[in-house]
Structures are given as C-alpha cells and as structure tokens.
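A.B. asks: Give me a model of this one.
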Amino acid sequence: MSAQCFSCGIANLSSDGSLWCFKYKFEIDVTIDKSDCYYYIEPQIEEGKPLTAEQTLMIKECDLASRRMRGPEKFS
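C.D. replies: As a prediction, the model looks like this:
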C-alpha cells in the first residue's frame, strides 16, 4: 500500500479507529494501492486546525473542476 493514502487529506478516521477514503468509501488497508490517486491532497490547515475530510474533498473537487474549465494549454 502506498503511504500516500495514510497522509491524504480525505482519509477519514472512523469511530472504530480504521481509516476510510471519504471519496471512494473504502477502508484503507495494505491490500489497496492508490499511489496514483487522482484525488490525493495534502491535509489542509486553517487557523491552526486541520479541515475535515469532507471540507478537504470539496476543495479538491473545486480545484479539479477549475482545471477542466481552463481548456487546453497553449505552448509557445
């Protein structure tokens, strides 16, 4: 398993102590390799407190949507 999932901002700690991917709704364990996850994002800190997985996912989805709206890049 990639250590990336454990350090992702949308990994959510459930009440039983396991980590869940808030986007894809699966338990993060050693059998899943998400090293190239499209939704990976560093945990976000605001006013000294980490944002929730839900808030972080909204930030990432807005970022991805804005990239799609830009159109193709022009090279000079």
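A.B. asks: can you pull the buried residues of the least confident helix or strand in the chain by mean pLDDT?
C.D. replies: Scoring the helices and strands of the chain by mean pLDDT, DSSP states H and E places helix 3-6 at the bottom, with a mean of 76. Within helix 3-6, the residues scored as buried using 16 or more other Cβ atoms under 10 Å are residue 5. C-beta here means a position set from N, CA and C on the backbone, and glycine is covered the same way.
A.B. asks: now swap in stretch 18-30 and tell me
C.D. replies: For stretch 18-30, burial by neighbour count (16+ other Cβ under 10 Å) applies to 19-23, 28.
A.B. asks: can you check stretch 54-65 too?
C.D. replies: Buried, per 16+ other Cβ under 10 Å, within stretch 54-65: 56-57, 60.
A.B. asks: Return that stretch as CSV; C-alpha atoms alone will do.
C.D. replies: The C-alpha coordinates for stretch 54-65 follow below in CSV (Å, rounded to 0.1, in the frame of the first residue of the first chain):
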residue,chain,number,x,y,z
GLU,A,54,-15.4,16.5,3.7
GLN,A,55,-14.1,20.0,3.5
THR,A,56,-10.8,18.9,2.0
LEU,A,57,-12.7,16.9,-0.6
MET,A,58,-14.7,19.9,-1.6
ILE,A,59,-11.5,21.9,-2.1
LYS,A,60,-10.0,19.2,-4.2
GLU,A,61,-13.2,18.8,-6.4
CYS,A,62,-13.3,22.5,-7.0
ASP,A,63,-9.6,22.5,-7.9
LEU,A,64,-10.2,19.6,-10.4
ALA,A,65,-13.3,21.3,-11.9
